[in-house]
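# below is the sequence, then the predicted model.
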Amino acid sequence: MRFLIQVLIAAIVLVSGASAMANEEPDYEVLMQTDEYEIRHYEPYIVAEVDVDGGLRDSGGSAFRILAGYIFGNNQSAEKMEMTTPVETRPAESGTRMAMTAPVLSEPAGEQRYRYAFVMEQKYSLETLPVPNDPRIRIHKTEPRTVAVKRYSGLWTEKNYTQNEQALLKSLQQNNIRTDGEPMLARYNGPATPWFLRRNEVIVEVEWAERHANR
């Protein structure tokens with residue numbers, strides 16, 4: 001029985017790992033790495049995004065159906081695109097949150113609203129990307145940015161995310177690294193991936209260039 005369990009776990013690891021490796025993700029340069037986080041620089045990339053009502057856990061299904069529909073052919077060209085990673089999630093601008101000493105996603109007051117984004121394949125430009133049929137979907141290119149990233153595994157719960165987000169922000173504060181804007185959750189695996197094999201990340205923009213220029 002123990003041998004069969006070990007074989008099953010190995011198979012899950014191989015399948016999940018192969019699936020993760022097959023998905024394209026944005027290029028980045030690692031500028032610094034510590035035991036708690038790493039500093040990355042991203043060049044611009046294109047995303048398709050949508051805002052949905054609900055909490056962090058229950059809003060994901062609606063957002064995924066909308067965005068997956070777009071890349072699987074619900075667009076004016078009826079073109080099917082490849083799934084990429086990560087899926088980005090952050091509080092939408094219309095959402096409300098409790099104020100803290102650092103930008104921390106906390107228990108929002110009143111109605112919750114989250115913004116989900118699918119990263120588009122690098123082969124597309126804003127001019128060549130298919131136009132969505134769903135008017136709720138927005139297409140835009142991100143700005144170049146430097147971010148701090150904390151990687152973790154586990155379930156996609158608000159509690160798990162918030163614990164890792166607060167740990168990241170505390171580490172940055174202790175190292176006198178200033179953040180700029182709201183943190184976001186980045187998910188790199190599908191729901192079929194076992195929770196202990198999932199790659200999740202907390203990502204927050206930091207004032208890295210300014211920090212070093214003033215030294």
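Noted; the coordinates are in hand.
# list the contacts of the most centrally placed residue in the chain.
Against the mean C-alpha coordinate of the chain, by C-alpha atoms, centre = their mean, the closest residue is residue 186 at 1.9 Å. If you count contacts by C-beta atoms under 8 Å, 6 or more residues apart in numbering, residue 186 has them with 86-89, 200-203. Bear in mind the C-beta positions are built from the backbone N, C-alpha and C, glycine included.
# can you pick the most crowded of these?
Tallying neighbours with other C-beta atoms under 10 Å puts residue 202 at the head of these, with 25 neighbours.
# check which element follows the helix or strand of the chain with the lowest mean pLDDT along the chain.
Every helix and strand in the chain was compared by mean pLDDT, DSSP states H and E; the lowest is helix 2-22, with a mean of 40. Once the chain leaves helix 2-22, the next helix or strand it forms, by DSSP states H and E, is strand 28-33.
# so which bits of that following strand are buried?
With burial defined by 16 or more other C-beta atoms under 10 Å, the residues of strand 28-33 counted as buried are 28, 31.
# so which elements touch that strand?
Where contact means 3 or more C-beta pairs under 8 Å, 6 or more residues apart in numbering; DSSP states H and E, strand 28-33 is packed against strand 38-42.
# show me where this structure has strands.
Along the chain, counting by DSSP state E, strands occupy 28-33, 38-42, 46-53, 87-91, 113-119, 138-141, 145-152, 184-187, 200-205.
# same for the third one, what does it pack against?
Using 3+ C-beta pairs under 8 Å, 6+ apart as the contact criterion, the neighbours of strand 46-53 among helices and strands are helix 60-71, strand 113-119, strand 138-141.
# ok, 10 Å please
Under the contact definition 3 or more C-beta pairs under 10 Å, 6 or more residues apart in numbering; DSSP states H and E, strand 46-53 sits against helix 60-71, strand 87-91, strand 113-119, strand 138-141.
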